[in-house]
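Chemist: Could you work out the structure for the sequence below:
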Amino acid sequence: MSVVSEYFSAVAEFDASHATPETVTGYCKAMVRTMSEQDAPSAPQKEKFHRLARATGLTEGQAKRLFYGEWSAIPAHVFLAVQSAYRHHLDRARRRAEHQAALYRDLSERWDNECAGSSFSTQANCSGLPASSYAPRSR
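Modeler: Have a look, this model is predicted:
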């Protein structure tokens, strides 16, 4: 198990030994807000509630009440659905970050290979990005 996956699994776990209804509600609200803000930060609220409902299997009204923290006590089946969706969300975010890192590593290696041992003034391909991904705009 890698360090990254250990971190994400630790974040996804909730210590229920000292849980009160208020702490469970706060934790659930935080998970719901994290999922909605990271997926589509500029989307309208109604769309966020729809996405939350689809991800958790709850109704849009329940997702809205969770988002705003309107419940004083959250039923166990709702908490488990949100926690499962949150774990899935963290896994997707981890995979997305690994993919982006791999893309950046590939671009960096391509740039290093194309520009290795040359001065910037002699080779046109070494203008800061690999030649295949850099196209200057003409004015």
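
Chemist: what's Ala93 in contact with, if anything?
Modeler: Gln38 (C-beta atoms under 8 Å, 6 or more residues apart in numbering). All C-beta spots, glycine's among them, are computed from the backbone N, C-alpha and C.

Chemist: Please report the distance of it from His77.
Modeler: Going from Ala93 to His77 by C-beta to C-beta, to the nearest Å gives 25 Å.

Chemist: same question, Ala116
Modeler: From Ala116 to His77 the distance is 58 Å (C-beta to C-beta).

Chemist: Ok, Gln45 next?
Modeler: Taken as C-beta to C-beta, the span from Gln45 to His77 is 24 Å.

Chemist: same thing with Glu60?
Modeler: Distance check for Glu60 against His77: by C-beta to C-beta, it reads 17 Å.

Chemist: can you give me how far the host helix or strand of His89 is from the chain middle?
Modeler: Under the criterion of DSSP states H and E, His89 resides in helix 76-115. Relative to its chain's centre, helix 76-115 lies at 7 Å (C-alpha atoms, centre = their mean, to the nearest Å).

Chemist: so where is this structure shaky, pLDDT-wise?
Modeler: Low-confidence segments of the chain (pLDDT under 70): 1-17, 117-139.

Chemist: Show me the residue sitting in the middle of this structure in space.
Modeler: For the chain, the residue sitting closest to the mean C-alpha position, by C-alpha atoms, centre = their mean, is Ala93 at 3.7 Å.

Chemist: Could you check how far that one is from Gln38?
Modeler: Going from Ala93 to Gln38 by C-beta to C-beta gives 7 Å.

Chemist: Same question for Arg94.
Modeler: 12 Å.

Chemist: swap in Gln83?
Modeler: 16 Å.

Chemist: More neighbours: the two, which one.
Modeler: Neighbours were counted for Gln83 and for Gln38 using other C-beta atoms under 10 Å; Gln83 has more, 17 against 13.

Chemist: Now do stretch 67-79: everything it contacts.
Modeler: Residues outside stretch 67-79 that contact it (C-beta under 8 Å, 6+ apart): 21-22, 24-26, 28-29, 32-33, 36, 45, 48-49, 52, 58, 62, 65-66.
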